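Asker: sharing a model that was predicted from the sequence below.
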Amino acid sequence: MQLSNGALLRAADAQFDALITTDRNLRHQQDLAAYRLAIVVLPTTSWPKIRVHEAQILAGINMLQPGSIVEI
């Protein structure tokens with residue numbers, strides 16, 4: 001199944017507390033205030049590069065509040 005960003009956010013908001021994404025434009029493309037979903041935006045899709053930022057990612061996840069967005 002393929003979902004547009006808006007449909008994906010609605011589905012995630014209904015089932016999860018947080019979403020991890022690499023879409024750095026998401027906050028500019030969607031009205032995130034409409035969701036309780038907390039969002040973490042990773043800097044890249046490359047696993048080796050993500051691992052370099054592991055501590056920052058964990059800190060960002062620990063700071064999450066409903067409706068918040070944290071960019072790493």
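Answerer: Okay, I see it.
Asker: any low-confidence regions in the chain?
Answerer: In the predicted model, the chain carries pLDDT under 70 at residues 1.
Asker: state the distance from residue 49 to residue 41.
Answerer: To residue 41, residue 49 is 14 Å away according to CB to CB, to the nearest Å. C-beta here means a position set from N, CA and C on the backbone, and glycine is covered the same way.
Asker: where do the strands sit along the protein?
Answerer: 18-21, 38-41, 69-71 (DSSP state E).
Asker: now those as CSV including mean neighbour count and distance to residue 58?
Answerer: Formatted as CSV, the strands of the chain follow (neighbours: other CB atoms under 10 Å; distance: least, CB to CB, whole Å):
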stretch, mean neighbour count, distance to residue 58
strand 18-21, 16, 12
strand 38-41, 21, 10
strand 69-71, 16, 11
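Asker: looking at those, which is closest to residue 57?
Answerer: strand 38-41 (6.9 Å; CB to CB).
Asker: list the neighbouring strands of that closest one plus their orientation.
Answerer: strand 18-21 (parallel), strand 69-71 (parallel) (DSSP bridges).
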